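Asker: can't give you the sequence, but here's the structure:
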């Protein structure tokens, strides 16, 4: 079978097949990013994809752009240096829930605070997959992980509320099931001038699913379909129908001075005076 | 045009040297006694179109500096004490991914928070072995303010030439010392820039060395090379490889680019060694004390000398081995509880007696102590 046009154009097909497990939806999210890039007509040479460590962070190795696979939790910090050094580059960060909000949480909130023009896509599967299923900061309370054998007593993060509170200027959540919407949010996030973040809900049947009896990858996708509702619909639902529902959609969008542009003003001012 | 002569602090000389070398990006986190490097970088970099960012932590500081270097900008980060520990993981990343970077450590007393305002030379082994795994390190240690300028330039040159992180291991004494400095004119010191791949050319094997190259040319973001950088073992394509055969080859390359070029990288200063019977091996600020002691001993007719490692890593093995043939007794003077002495003992292999002299409590070694020590050695009491 001939690879799709998207694969031929945006993937390093010599590096495929990918390492992800059967039923994992990281591939869907990765495709959504390239689809958004394709729709935006972005220049591959001008696009940088930076990742941390974990299952999701292996994605850049398959993607035909300038790519950097960094250290655990540090993707946003590396990306900050890249963007500062060359603001003309479009810099996208691919990270996981643990990478972004546990070990990398400090970089996440401070990059959001600065409103530096990075686009962060969190492949959020609520678990540490690469190390075999330990609970992450987005694992629901009472769910099981190899390190939560009696049920998780932690409260999970809402990564978007965290980012918004820290100063992010575009936040949205999509799911691997609602791909059309996911692609449009990623597209808007990339176009947005400032710190943007898309929480991309992904499923991990191997490590989250097995331990939590969530079924196969397909069944977990059906669960996404049945339990996630568009925020616009959710807002109109009566209170009793909201229970147990999760929301996707765009949550926050604002214009605010962007960090590298503000720094450039300092350079221009100083150099004008010299 | 005559050279500019100015009174300058060591930390300031580091920034001026970096600017001279063409540095255009600083990312770091404030920490005593290195903070002046961040402050002056924040002031000076935007004037030349460069960028400064105060990151949220030490780890973010080195990560952003590596990121800027990957994107093609000469970058530096500076730290001290606990900050040096926090940076270690990403030092290994830069070594593995072969990213040029200058890391400045203005050493202070430790362990832990230790003695933030007191000097030490106690991060010497950490400089070489601090990150996990096997990798080589290049580290230079200045003994004066002017030499801080020169060695910062050299750090950038070596980082760019060998595609590797390079450390400037200075300390609180040199960092905060103010001295008269004759500032080099533009063009007076050599400046080396990394070799980069041809723009617009996709390279299937960006880590394949071309004939005549010491290291493969670096890809430049935005120039159409579209390469991959990773901290996993990678093969010549730049993509991860689990092959142990490949890992062997890549490790050897990372090591050999440094160890095959030791003669280019290693610099020492020899002082009064021609007829010396007893010698000090030392580095950095302690060299000033040792030099004074050697002069005092010579004035009394005692044949003492000094070998100063300007490059501390890789260590000057050849020079230390030659020294051990010449003298019976070597005193390794350093502001710590005994670190570089281990390296000297390893190299000397029992060919001379090797003794450590130093302490880690922040009290500087005094020349009189060294003079007294040598006299005791001469009289066979030590």
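Answerer: Arrived safely, thanks for sending. Just so it is clear, the structure is predicted and the values come from calculations on it, not from any experiment.
Asker: Identify the residues contacting residue B:174.
Answerer: B:10, B:106, B:142, B:143, B:144, B:145, B:148, B:284, B:285 (Cβ atoms under 8 Å, 6 or more residues apart in numbering or on different chains). For glycine as for every other residue, the C-beta is placed from the backbone atoms N, C-alpha and C.
Asker: Out of those residues, flag the one nearest to chain A.
Answerer: Comparing the contacts of residue B:174 against chain A with Cβ to the nearest Cβ places residue B:106 closest, at 21.6 Å.
Asker: So which bits of the stretch 201-350 of chain B are right by chain A?
Answerer: With the criterion set to Cβ under 8 Å from any Cβ of the partner chain, the stretch 201-350 of chain B comes near chain A through B:219, B:221-232, B:239-240.
Asker: 7 Å - rerun?
Answerer: B:221, B:222, B:224, B:226, B:227, B:228, B:229, B:230, B:231, B:232, B:239, B:240 (Cβ under 7 Å from any Cβ of the partner chain).
Asker: All the helices of chain B, residue numbers only.
Answerer: Assigned by DSSP state H, the helices in chain B fall at B:10-20, B:35-44, B:58-70, B:81-86, B:88-97, B:124-129, B:145-162, B:172-176, B:244-259, B:262-265, B:286-299, B:317-326, B:340-348, B:367-378.
Asker: Tell me which residues touch residue B:29, please.
Answerer: B:54, B:55, B:57, B:58, B:61, B:83 (Cβ atoms under 7 Å, 6 or more residues apart in numbering or on different chains).
Asker: Roughly how far does it sit from chain A?
Answerer: 11 Å (Cβ to the nearest Cβ, to the nearest Å).
Asker: returning to that earlier point: now, of the residues of the stretch 201-350 of chain B next to chain A, which are buried?
Answerer: Neighbour-count burial (16 or more other Cβ atoms under 10 Å in any protein chain shown) applied to those gives B:221, B:222, B:224, B:226, B:227, B:228, B:229, B:230, B:231, B:239, B:240.
Asker: wait, isn't residue B:55 in contact with residue B:62?
Answerer: No: counting by Cβ atoms under 7 Å, residue B:55 stays clear of residue B:62, with 8.7 Å between them.
Asker: who has more neighbours, these two?
Answerer: Neighbours were counted for residue B:55 and for residue B:62 using other Cβ atoms under 10 Å in any protein chain shown; residue B:62 has more, 35 against 23.
Asker: per-residue confidence at that one?
Answerer: For residue B:62, the model assigns a pLDDT of 98.
Asker: Looks like it contacts residue B:92 (just checking).
Answerer: No: contact criterion Cβ under 7 Å: residue B:62 and residue B:92 do not qualify, at 10.6 Å.
Asker: give the contact list for residue B:289.
Answerer: B:364, B:365, B:366, B:367, B:370.
Asker: Of those residues - the most surrounded one?
Answerer: residue B:370 (24 neighbours).
Asker: Who are the contact partners of that one?
Answerer: Contacts for residue B:370 (Cβ under 7 Å, 6+ apart) come out as B:289, B:290, B:293, B:333, B:357.
Asker: again, 8 Å this time
Answerer: Counting by Cβ under 8 Å, 6+ apart, residue B:370 makes contact with B:280, B:289, B:290, B:293, B:331, B:333, B:357.
Asker: okay, now residue 238: neighbour count?
Answerer: Defaulting to chain A. 6.
Asker: hm, I was asking about chain B
Answerer: Counted with other Cβ under 10 Å, residue B:238 comes out at 23.
Asker: again, but for residue B:124
Answerer: 27.
Asker: Give the bridge partners for residue B:78, please.
Answerer: Per DSSP bridges, the residues bridged to residue B:78 are residue B:104.
Asker: hmm, back to that, counting neighbours, which of the contacts of residue B:370 comes out on top?
Answerer: Neighbour tally across the contacts of residue B:370 (other Cβ under 10 Å): the maximum, 31 neighbours, falls on residue B:280.
Asker: For the residue of the stretch 251-382 of chain B found nearest chain A, give me its contacts.
Answerer: With Cβ to the nearest Cβ as the measure, residue B:254 is the residue of the stretch 251-382 of chain B nearest to chain A, at 17.0 Å. Listed by Cβ under 8 Å, 6+ apart, the contact set of residue B:254 reads B:95, B:96, B:98, B:135, B:136, B:164.
Asker: tell me the pLDDT at it?
Answerer: Predicted confidence (pLDDT) for residue B:254: 97.
Asker: Test for you: state the pLDDT assigned to the residue in chain A that chain B sits nearest to.
Answerer: Of all residues in chain A, residue A:81 sits closest to chain B, at 2.8 Å by Cβ to the nearest Cβ. Per-residue pLDDT puts residue A:81 at 98.
Asker: so how far is residue B:30 from residue B:331?
Answerer: Residue B:331 sits 37 Å away from residue B:30, going by Cβ to Cβ, to the nearest Å.
Asker: Isn't residue B:206 up against residue B:225?
Answerer: Yes: the criterion here is Cβ atoms under 8 Å, and residue B:206 meets it with residue B:225 at 6.8 Å.
Asker: one step back: I'd like the contacts of residue B:174 as TSV, with neighbour count and pLDDT appended.
Answerer: What follows is the contacts of residue B:174, written out as TSV (neighbours: other Cβ atoms under 10 Å in any protein chain shown; pLDDT from 0 to 100):
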residue	neighbour count	pLDDT
B:10	29	98
B:106	32	98
B:142	29	98
B:143	25	98
B:144	19	98
B:145	26	98
B:148	32	98
B:284	27	98
B:285	27	98
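Asker: ok, of those residues, which one's closest to residue B:180?
Answerer: Among those, residue B:145 lies closest to residue B:180 (Cβ to Cβ), at 8.2 Å.
Asker: Contact residues of the stretch 151-274 of chain A facing chain B?
Answerer: For the stretch 151-274 of chain A, the residues in contact with chain B (Cβ under 8 Å from any Cβ) are A:263, A:266, A:267, A:270, A:271, A:274.
Asker: Out of the residues you listed, which end up buried?
Answerer: Among those, those classed as buried by 16+ other Cβ under 10 Å are A:263, A:267, A:270.
Asker: what ranges do the strands span in the stretch 51-200 of chain A?
Answerer: Under the criterion DSSP state E, counting those that start in this stretch, the stretch 51-200 of chain A contains strands at A:66-69, A:90-96, A:118-124, A:127-128, A:134-135, A:170-175, A:196-201.
Asker: For residue A:210, which of these is the nearest?
Answerer: Per Cβ to Cβ, nearest to residue A:210 of the strands of the stretch 51-200 of chain A: strand A:127-128, 10.4 Å.
Asker: Mind listing residues that contact that closest one?
Answerer: Strand A:127-128 has contacts (Cβ under 8 Å, 6+ apart) with A:54, A:96-98, A:133-136, A:139, A:145, A:204, A:207-208.
Asker: what residues are up against the residue of the stretch 1-150 of chain B found nearest chain A?
Answerer: For the stretch 1-150 of chain B and chain A, the shortest gap (Cβ to the nearest Cβ) falls at residue B:67, measuring 2.8 Å. By Cβ under 8 Å, 6+ apart, the contact list for residue B:67 reads A:50, A:68, A:70, A:77, A:78, A:79, A:80, A:81, A:82, A:85.
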